[in-house]
Each structure stands twice: as structure tokens, then as C-alpha cells.
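Asker: one predicted model, sequence on top.
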Amino acid sequence: MEKKRILGNLMLLLTALIWGLSFVFQRVGMDHIEPLTFGSARSVLAAMALGLLVWFTDRRKKRLGLEEKRSPQEIADHRRNTLRGGVFCGVFLTLAASFQQMGIVYTTAGKTGFITALYIVFVPVIGWLFLKKRITWLIGVGVVLATVGMYFLSIGEEFVLTKGDTLVFICAIFFALHILSCDHFVQIADPLKMSMIQFIVCAILTGLAAFAFEAPTTAKLAAAAIPILYSGIFSGGVGYTLQMVAQKFTDPTVASLLLSLEAVFGVLGGWLLLNEVMTPREVLGCAVVFAAIILVQIPLPEKKRG
């Protein structure tokens, strides 16, 4: 069991690396193609990758006789919830990914990684505001730290949030809503099929928006082929699969801490591959934001009753 736990942690670390480097590929892709077109293309590839995984998983279950014994009504409800969950999550994912991709045009891969990671702070806050979920004092401290970190990271001398950072900040809010939706539906649906459906929805919505507001061409897609392939297949298909498998063997808190390292890998990737350099003020902002991300993931012991 210990070996499986270590293997799971290493797989989560690899997932964080894959997701962190995705910010670099997304930034490079914007030199050749528009944001919505890029988002639609990567979603198509992610849906195809997950579709293959769903097909393989279903065949394996049938071969091993692992299908769950449920009534026709339970099967119908499960399929309906999977479809509904995929659509709801797909809409939020479309908004989150689109704002992120538009924002990364005007900011760096490193800053995009850290600002996007604020969804970890937003999830408990939104849950408290709208779902009446309790939050700990550590989350309160984390919110204050996240605000301070955003100030150092993104507020310039004019005391305004830059355009790119604003768009990525909005994306973090939608990613938080996406996670809360996933958290609800994953209990009553098929997670893998739901993820596939969400990418199909994302591909359709961003595709329609791309044809309405941009000018997609095969030449642009070819020029951005490598960033699209990485973001779609590796970040979408491989990353999700690694996370799903790894979390079977790893504590949820440890898993979230390891996955939050994607922000750090985003900065390192931007520095090594794109020669991005942060000012001391921005580095301080990243450090404070990362501290906030770590704090909100620390579980406090429950108070003893009586």
C-alpha cells in the first residue's frame, strides 16, 4: 500500500507538471491563433482522448464482469445525471477556459498559473456564500492573503488590475463554479463520461463563438498544432486520467497540495522556455498567493463534543 501511495503522489506531481507547462503552450499558441479557436480545437482533442478512455474502460468492465447491478430506473437516472452534469460543467468550463485563453494573450504564463490557482480559494468562499457551507478561520486568512498577493502580483502603479490579469481572475471564479458543479454531479453520475461530455459541450460552444467573433482557418490551426495537441491530449486527456487513477491511492488533502504545484511549474516553464522574468514585486505576489492556496487546503481537527 505504501508503494501505491508513493506512486500515486508521483503521478499527481506529473499531472501538476503537465498542467503547469500547459500555460506555456497556451501562451505560445496565441502567437498563431485566436483564443476561442484555440479553445475549441483543444476541447475537441480532449473529448476524443477521453472518448477513447471511456470506450476502453467500458469494454474492460464488460470483459471482467464488473458492471454494477442496477434497476432500469437507476440506470436511466444515472445516465440523465451524467448528461446534465456534463452540460452544466461544460458551460462553466467553456467560460473559465475562454477567459483564461483571452487573458493569457495580455499576461505571462507564470502569472496566469498563479491567478488561475486562486480557484482553490474561491471554492470554499462561494460554497459559504451560496451553499451555506462552513469555512474555517484558515480559509479567512487565506482569502486575505490571496487579496494581498493579487495586489502585489497584478496591481500596477496606476492602481488598476491589468487587462490580462483581470480576464484570468474572472476565469478563476468560473473554474471555482466548475469545481462545485463537478463536486455535486460526480456523486450521482459517471465521472469519466461526464468529463467527456463537458469537453464536447466546450468544443461546440467555443466553436460557435469562434466562427461568430474570430476567423478560424486551417492555416492557423496548423501553425498552432503543437500547442493545441499538448493542451488537448496531454493537459486534457492524459492529465485528467492521471489525476483520476492517482487519487485512488492518495489522501485528498495531499492530492490537492500536489496539484496546486501547477502554478509553480507554470512560472518555471515560462522562465525556462519563454524567458519570462518577474519583478521582485510579482515574485512576492506569487509567494503570498501560493501561501493562501496552501492554507485553504489544510484541514483543522474537529472540535470534540461534550
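Answerer: Received the coordinates, thanks.

Asker: which stretches of the stretch 51-200 of the chain aren't confidently modelled?
Answerer: 66-68, 156-160 (pLDDT under 70).

Asker: now the helices for it?
Answerer: Applying DSSP state H, counting those that start in this stretch to the stretch 51-200 of the chain gives helices spanning 72-103, 109-116, 119-131, 137-154, 163-185, 191-213.

Asker: output the contacting helices and strands for the fourth one.
Answerer: Going back to what we said before, that points to helix 137-154. Helices and strands touching helix 137-154, by 3 or more CB pairs under 8 Å, 6 or more residues apart in numbering; DSSP states H and E, are helix 109-116, helix 119-131, helix 163-185, helix 280-295. C-betas here are computed from N, CA, C, even on glycine.

Asker: to residue 46, which of the helices of the stretch 51-200 of the chain lies closest?
Answerer: helix 191-213 (4.4 Å; CB to CB).

Asker: roughly how far is that closest one from the heart of the chain?
Answerer: On the basis of CA atoms, centre = their mean, to the nearest Å, helix 191-213 sits 15 Å off its chain's mean C-alpha point.

Asker: equivalent analysis for stretch 139-156, please.
Answerer: Centroid separation for stretch 139-156 versus its chain: 20 Å, with CA atoms, centre = their mean.

Asker: with stretch 62-71 instead?
Answerer: On CA atoms, centre = their mean, the centre of stretch 62-71 falls 31 Å from that of its chain.

Asker: and if you look at stretch 282-295?
Answerer: So, by CA atoms, centre = their mean, the centroid of stretch 282-295 is 18 Å from its chain's centroid.

Asker: before we move on, what about stretch 201-214?
Answerer: That offset, for stretch 201-214, works out to 20 Å (CA atoms, centre = their mean).

Asker: ok so, going back, looking at the helices of the stretch 51-200 of the chain, which is closest to residue 267?
Answerer: For the helices of the stretch 51-200 of the chain, proximity to residue 267 was assessed by CB to CB; helix 109-116 is nearest, at 3.7 Å.

Asker: report the backbone C-alpha coordinates of the closest one in CSV.
Answerer: Extracted in CSV, the C-alpha atoms of helix 109-116 (Å, rounded to 0.1, in the frame of the first residue of the first chain):
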residue,chain,number,x,y,z
ALA,A,109,2.3,32.1,-18.5
GLY,A,110,3.6,32.3,-14.9
LYS,A,111,1.1,34.9,-13.7
THR,A,112,-1.7,33.1,-15.4
GLY,A,113,-0.8,29.9,-13.5
PHE,A,114,-0.9,31.6,-10.1
ILE,A,115,-4.0,33.7,-10.7
THR,A,116,-5.9,30.7,-12.1
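
Asker: angle of that helix against helix 163-185?
Answerer: Between helix 109-116 and helix 163-185, the angle comes out at 40 degrees (axes from the mean of the first three to the mean of the last three CA atoms, to 10 degrees).

Asker: could you list every helix and strand that helix 109-116 packs against?
Answerer: If you count contacts as 3+ CB pairs under 8 Å, 6+ apart, helix 109-116 packs onto helix 2-29, helix 72-103, helix 137-154, helix 163-185, helix 262-274, helix 280-295.

Asker: what's the average pLDDT for the first one?
Answerer: For helix 2-29, the per-residue pLDDT values average out at 88.

Asker: apart from its neighbours in sequence, what residue is nearest the one residue sitting closest to the centre of the chain?
Answerer: Nearest to the mean C-alpha position of the chain, by CA atoms, centre = their mean, lies residue 175 at 6.6 Å. Nearest non-adjacent residue to residue 175, counting by CB to CB, 6 or more residues apart in numbering: residue 119, 3.9 Å away.

Asker: residues in contact with the residue nearest to the centre of the chain?
Answerer: Contacts for residue 175 were tallied using CB atoms under 8 Å, 6 or more residues apart in numbering; they are 92, 96, 116, 119, 122.

Asker: tell me how many other residues surround the second one.
Answerer: As a burial measure, the neighbour count of residue 96 was computed by other CB atoms under 10 Å and equals 24.

Asker: can you pull the contacts of it?
Answerer: For residue 96, the contacting residues are 171-172, 174-175, 177-178, by CB under 8 Å, 6+ apart.
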